[in-house]
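Trainee: Pasted the sequence and its predicted model underneath.
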Amino acid sequence: MSNAIHNFLEEKVKPNFDKGGKLEKYYPAYDALETFMFVPGHTTGKTGSHIRDGIDMKRTMIMVVVALLPALLFGIWNTGHQYYLALGEQADFMTKVIYGAIEVLPIVVVSYAAGLGVEFIFAIINKHQVNEGFLVSGMLIPLCLPVEIPLWMVAAATIFAVIIGKEVFGGTGMNILNVALTARAFLFFAYPTWMSGDKVWIGEGTNEAVAYADGSTGATLLAQATEKSSGFVNAAGAQYGDTFWNAFMGFIPGSIGETSTLAILIGAAILLITGIASWKIMLSGVLGAYVMGLIFNAFAVNPFMEVPAHYHLVMGGFAFGIVFMATDPVSAAQTSTGKYVYGFLIGILGIMIRVFNPAYPEGIMLAILFMNVMAPLIDHYVIQANIKRRKKRTLAVA
Amino acid sequence: MSETAEAQVVAKEPKEPLFSKKNKKLLSDPLNDDNPITIQVLGICSALAITVQLKPTFVMSVSVLFVMIGGNLIVSWLRNLIPSRVRIIVQLVIVATLVILVDQVLKAYLYDVSKQLSVFVGLIITNCIIMGRLEAFALGNKAWPSFLDAIGNAAGYAWIMLAVAFARELFGSGTLWGFQIVPDFLYDFGYADNGLMILPPMALITVGIIIWVQRSKNTKLIEEN
């Protein structure tokens, strides 16, 4: 079957796009769609490298999307779950999933449509292949947004992020900042009322008269922890176990894909087994966050600082950010030592911003963006140190 | 620019028409190929600071225009009297005097705008474009070309500023010159003003986009590397 399709493409469709064909201009678009399904037919040149792995950028990107699926599926269910929880109604599994899918999938579609549209336009203008980089960004963007975000904002942020965050630097692989986080930061600063607060996290759809059931304020754990007087620590004192478990499993309000640390861990396992993401960044990031949490505990002067360190790992977007965004191979540090430093500082800064600045409860976003900018500097010093060390060694031998 | 300036001093053409080709270039170059903001990257600070709304931007542009013309004319008239060792301080005194004049006029007649512009009117003194033109042009040229050069550069500065302010006010506040442009039904429909446009980083990005468009239209502006 797939062979038949392939033959059909090769014989009937492709000639139109080849040199001299009618649709020659749109070859990049054709190529992008063909290699989406089939192994690309590119071969190595007569000179240069002669061995190429079958796992090209498109396969890599697809693996990341696969790794994101658990978070997406859980997010869909959780959207429905939170909605019926807020309504105070009982609903079965399928009802929740269907409600969640209606709320979440349009965001995914809009994100992909807007981003890929821009990519295709730039590919045709610049006459290069459509880069696959957006496959991942397009999935990351909806997952780090609140479910109530208006769709046109998603489109605007995606277009902004792809053009200003990526294309101006030369396209996929050249960007300084993580594209998905650029989109999120754009929304966060441009439309703060849609990105924070306690009304945006639970999809209300058209039903504006949702009466929040008792105890369900609709605020995220981070927001609760930030409002120092409110119940997070005091009331939850006895229920720490519950809160932690809920936050780990993800039965809490939050951005679509980041609530369930468990689903993210499944994704992390996929990324680590396939060797796509760097375990160094993840490990040092978690360590950094944990250490920062412990330091805050030691010098706690307010309830948020007293939050046990391991809570920081499951609250808010930390897990999502450190697994899927900090490890973005383009914007992260490249050197081995640099990765440790980069991840560790993301952990430290993320928790620091989260605790110290109530205006930006989602500190991990700012921490990763900041460290994206710093990554080349880290690499520079790592490389310089290496050169120095080796110089010393050769001098010692001579 | 300084080379042509010297060349003009050497070449003695007593009867040059007022709008000769050379003089026209003085006016038109800064608008595009030699724009003070997008090409020479001067005067960026004020471009970032006061382009949130059109009105203060316009007042700022007119102020800069006045100071530029005044400064260029005075320095050009005095160019043979100013000892080159102290020329910077003389230029500063001239510019500062003009800026204080502007500041007082604004305070007297446009108090609210003057409040909005706050310290940035005073900072016209340090606007690199003005000192740059005095040094590079007015010191070596007669009054009339200096006058044209001032107008050209101030206009080049102004149109970039106004373009940035136009985009920032339209998308950031939904208004232009203080009047609401984005209709109410759009807001009812769910449209919202973009808070990021009001923040300074967006001014930088907007200037960047203008530079991008300009260079992709005029490829000879693209530097190697």
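Mentor: Structure received.

Trainee: residue nearest the centroid of chain B?
Mentor: Closest residue to the average C-alpha location of chain B: B:Y157 at 2.7 Å, with CA atoms, centre = their mean.

Trainee: quick one: that one from B:S46, how far?
Mentor: 9 Å (CB to CB, to the nearest Å). All C-beta atoms are positioned from the backbone trio N, CA, C, and that covers glycine.

Trainee: which element follows the longest helix anywhere in chain B toward the C-terminus?
Mentor: If each helix of chain B is counted by residues according to DSSP state H, the longest one is helix B:143-173. Once helix B:143-173 ends, the next helix or strand along the chain (criterion: DSSP states H and E) is strand B:175-176.

Trainee: neighbouring contacts of the helix or strand that that following strand is followed by?
Mentor: Moving toward the C-terminus from strand B:175-176, the first helix or strand encountered (DSSP H and E) is strand B:179-180. The list of residues contacting strand B:179-180 from outside it, by CB atoms under 8 Å, 6 or more residues apart in numbering or on different chains, reads B:G174.

Trainee: Just give the strands next to strand B:179-180 in its sheet, each with its orientation.
Mentor: Strands adjacent to strand B:179-180 in the sheet, as given by DSSP bridges, are strand B:175-176 (antiparallel).

Trainee: quick one: the strand it pairs with to chain centroid distance?
Mentor: 22 Å (CA atoms, centre = their mean, to the nearest Å).

Trainee: re earlier: so what's the residue nearest to the centre of chain B up against?
Mentor: For B:Y157, the contact set (CB under 8 Å, 6+ apart) comprises B:P30, B:P36, B:I37, B:G43, B:S61, B:V64, B:I129.

Trainee: Identify the farthest-apart pair in the residues you listed.
Mentor: Taking every pair in the contacts of B:Y157 and measuring CB to CB, the maximum separation is 13.3 Å, between B:P30 and B:S61.

Trainee: Same drill for these two, tell me which one is more crowded.
Mentor: More crowded of B:P30 and B:S61, by other CB atoms under 10 Å in any protein chain shown: B:P30, with 28 against 21.

Trainee: what's the closest non-adjacent residue to that one?
Mentor: B:G156 (3.6 Å; CB to CB, 6 or more residues apart in numbering or on different chains).

Trainee: From chain B, how far out is A:L105?
Mentor: Spatial separation of A:L105 from chain B under the definition CB to the nearest CB, to the nearest Å is 19 Å.

Trainee: Next: A:K339.
Mentor: As it turns out, when the distance is counted by CB to the nearest CB, A:K339 lies 28 Å from chain B.

Trainee: name the element that residue belongs to?
Mentor: helix A:336-356.

Trainee: Could you export that helix as PDB, CA atoms only?
Mentor: What follows is helix A:336-356, C-alpha atoms only, in PDB (Å, rounded to 0.1, in the frame of the first residue of the first chain):
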ATOM      1  CA  SER A 336      29.100  18.800  27.900                       C
ATOM      2  CA  THR A 337      30.200  20.800  30.900                       C
ATOM      3  CA  GLY A 338      28.200  23.700  29.600                       C
ATOM      4  CA  LYS A 339      25.000  21.600  29.800                       C
ATOM      5  CA  TYR A 340      25.500  21.000  33.500                       C
ATOM      6  CA  VAL A 341      26.000  24.700  34.200                       C
ATOM      7  CA  TYR A 342      23.100  25.700  31.900                       C
ATOM      8  CA  GLY A 343      20.600  23.200  33.400                       C
ATOM      9  CA  PHE A 344      21.700  23.900  37.000                       C
ATOM     10  CA  LEU A 345      21.300  27.700  36.600                       C
ATOM     11  CA  ILE A 346      17.900  27.200  35.000                       C
ATOM     12  CA  GLY A 347      16.800  25.300  38.000                       C
ATOM     13  CA  ILE A 348      18.100  27.900  40.400                       C
ATOM     14  CA  LEU A 349      16.800  30.900  38.500                       C
ATOM     15  CA  GLY A 350      13.400  29.300  37.800                       C
ATOM     16  CA  ILE A 351      12.700  28.700  41.500                       C
ATOM     17  CA  MET A 352      14.200  32.000  42.500                       C
ATOM     18  CA  ILE A 353      12.000  34.000  40.200                       C
ATOM     19  CA  ARG A 354       9.000  31.900  41.100                       C
ATOM     20  CA  VAL A 355       9.400  32.500  44.800                       C
ATOM     21  CA  PHE A 356      10.700  36.100  44.900                       C
END
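
Trainee: average pLDDT across that helix?
Mentor: Per-residue pLDDT over helix A:336-356 has a mean of 91.

Trainee: which parts of that helix are buried?
Mentor: With burial defined by 16 or more other CB atoms under 10 Å in any protein chain shown, the residues of helix A:336-356 counted as buried are A:337-355.

Trainee: helices or strands next to whichever helix or strand comes after that helix in the packing?
Mentor: Per DSSP H and E, the first helix or strand lying C-terminal to helix A:336-356 is helix A:363-397. If you count contacts as 3 or more CB pairs under 8 Å, 6 or more residues apart in numbering or on different chains; DSSP states H and E, helix A:363-397 packs onto helix A:179-190, helix A:336-356.

Trainee: Pull out the buried positions in helix A:363-397.
Mentor: For helix A:363-397, the buried set under the neighbour-count rule, 16+ other CB under 10 Å, comprises A:363-372, A:374-375, A:378-379, A:382.

Trainee: can you list the residues of chain B near chain A?
Mentor: B:G190, B:Y191, B:A192, B:N194, B:G195, B:L196, B:M197, B:L199, B:I205, B:G208, B:W212 (CB under 8 Å from any CB of the partner chain).
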